[in-house]
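Q: Give me coordinates for this.
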Amino acid sequence: MDKHVLISDFNLKIKIFHTLMSIQYLVESYGKKIMFFSWPVDIKELSKESNYYNIINKMDLVDGCVENFMKENNINKHEDGFHYGSEAHERLYNEYLSSHIKKFLNI
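A: Numbering: from 1, shown residues only. All right, here's what the predicted structure looks like:
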């Protein structure tokens with residue numbers, strides 16, 4: 001069995017934005033805030049290709065993506081080749097997400 005999932009252009013380039021918009025709407029309906037971040041691709045860049053940038057740009061969305069951060073900082077995957085270990089996740093939080101979360105929460 002293949003170890004990779006094939007994603008259609010519709011799911012990657014259109015449906016993802018509809019999902020984000022639905023979640024954003026639900027959260028706002030309850031008077032809450034939400035911050036999004038992407039693991040595999042830079043959603044903001046993808047939104048430009050799919051003409052969703054003006055909508056996505058109004059959301060609290062962390063710039064870039066986790067995969068790029070990990071590659072740029074030479075953070076290697078676990079020995080299974082698919083996942084990151086505890087130290088990698090700690091660096092991800094401390095060096096990438098923490099500052100965005102603090103800004104989001106105004107702390």
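
Q: How much space separates residue 100 from residue 42?
A: Using C-beta to C-beta, to the nearest Å, residue 100 is found at 14 Å from residue 42. In short, each C-beta sits where N, CA and C put it, glycine included.

Q: Next: residue 71.
A: Residue 71 is 12 Å from residue 42, by C-beta to C-beta.

Q: ditto for residue 13
A: 13 Å.

Q: same thing with residue 95?
A: 17 Å.

Q: more neighbours, those two?
A: The neighbour comparison of residue 95 against residue 42 (other C-beta atoms under 10 Å) goes to residue 42, with 16 against 12.

Q: I'd say that one and residue 66 touch.
A: No. Taking contacts as C-beta atoms under 8 Å, residue 42 lies outside contact range of residue 66: 10.1 Å.

Q: so where's the protein shaky on pLDDT?
A: For the chain, residues meeting the criterion pLDDT under 70 lie at 1-6.

Q: By residue count, which helix of it is the longest?
A: Counting residues, the longest helix in the chain under DSSP state H turns out to be helix 16-29.

Q: list the buried ones in that one?
A: 16, 17, 20, 24 (16 or more other C-beta atoms under 10 Å).

Q: Output these as a markdown table; include the columns distance to residue 31.
A: Below are those laid out as a markdown table (distance: C-beta to C-beta, whole Å):
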| residue | distance to residue 31 |
| --- | --- |
| 16 | 25 |
| 17 | 23 |
| 20 | 19 |
| 24 | 13 |
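
Q: Please name the residues that touch the most centrally placed residue in the chain.
A: Taking C-alpha atoms, centre = their mean, the centroid of the chain lies closest to residue 38, which sits 0.9 Å from it. When contacts are counted by C-beta atoms under 8 Å, 6 or more residues apart in numbering, residue 38 is found next to 61, 62, 65, 66.
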